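Colleague: heads up, no residue letters with this:
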């Protein structure tokens with residue numbers, strides 16, 4: 001069973017020289033969008049070493065866009081702008097070490 005979806009949630013950014021981006025009551029809230037998946041890794045016995053074959057599927061960003069937020073209360077001389085990727089679309093498939101940090105069995 002696989003559940004793949006874009007994650008929309010709040011994160012707190014504490015960067016050197018700047019205050020927190022979030023407050024806990026309605027203040028300066030910013031959100032992020034990311035990819036998430038819940039899927040089991042299937043193991044298949046084989047006759048040759050390592051005697052098991054793992055199929056690990058992941059969901060990761062297929063398309064992103066850059067977003068910028070201005071951090072509040074930055075010390076003088078500290079760049080208040082923070083750039084981060086936002087997931088536009090996620091795709092699920094076999095884990096590729098060319099683009100993703102894959103878990104190994």
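Modeller: Nice, thanks for sending it over. These numbers come from a predicted model, not from an experiment.
Colleague: dihedrals phi and psi, residue 95?
Modeller: phi -70, psi 130 (degrees, to the nearest 10).
Colleague: return the helix or strand in this protein with minimum mean pLDDT.
Modeller: Of all the helices and strands that make up the chain, strand 3-10 has the lowest average by mean pLDDT, DSSP states H and E, namely a mean of 39.
Colleague: pLDDT averaged over the one helix or strand residue 89 maps to - what is it?
Modeller: Assigned by DSSP states H and E, residue 89 falls within strand 81-94. Strand 81-94 comes out with an average pLDDT of 83.
Colleague: given it, what are its sheet partners and their directions?
Modeller: Here strand 81-94 is paired, per DSSP bridges, with strand 57-70 (antiparallel).
Colleague: what average pLDDT does the partner strand get?
Modeller: pLDDT averaged over strand 57-70 gives 82.
Colleague: repeat that for stretch 98-105.
Modeller: 65.
Colleague: how many other residues sit next to residue 35?
Modeller: Using other C-beta atoms under 10 Å, residue 35 is surrounded by 19 other residues. Glycine gets a C-beta too; all of them are placed from N, C-alpha and C.
Colleague: partners of it in the sheet?
Modeller: residue 6.
Colleague: wait, doesn't it sit right on residue 87?
Modeller: Yes. Here residue 35 reaches residue 87: they are 5.3 Å apart, a contact under C-beta atoms under 8 Å.
Colleague: how many other residues sit next to residue 97?
Modeller: 8.
Colleague: same check on residue 72?
Modeller: Neighbours of residue 72 under the rule other C-beta under 10 Å: 13.
Colleague: residues of the strand holding residue 89 that come out buried?
Modeller: 82, 86, 87, 90 (16 or more other C-beta atoms under 10 Å).
Colleague: one more: stretch 69-80?
Modeller: 71, 74.
Colleague: residues in contact with residue 98?
Modeller: By C-beta atoms under 8 Å, 6 or more residues apart in numbering, the contact set of residue 98 is empty.
Colleague: please tell me how far it sits from residue 57.
Modeller: 16 Å (C-beta to C-beta, to the nearest Å).
Colleague: now residue 89
Modeller: Distance from residue 89 to residue 57, by C-beta to C-beta: 17 Å.
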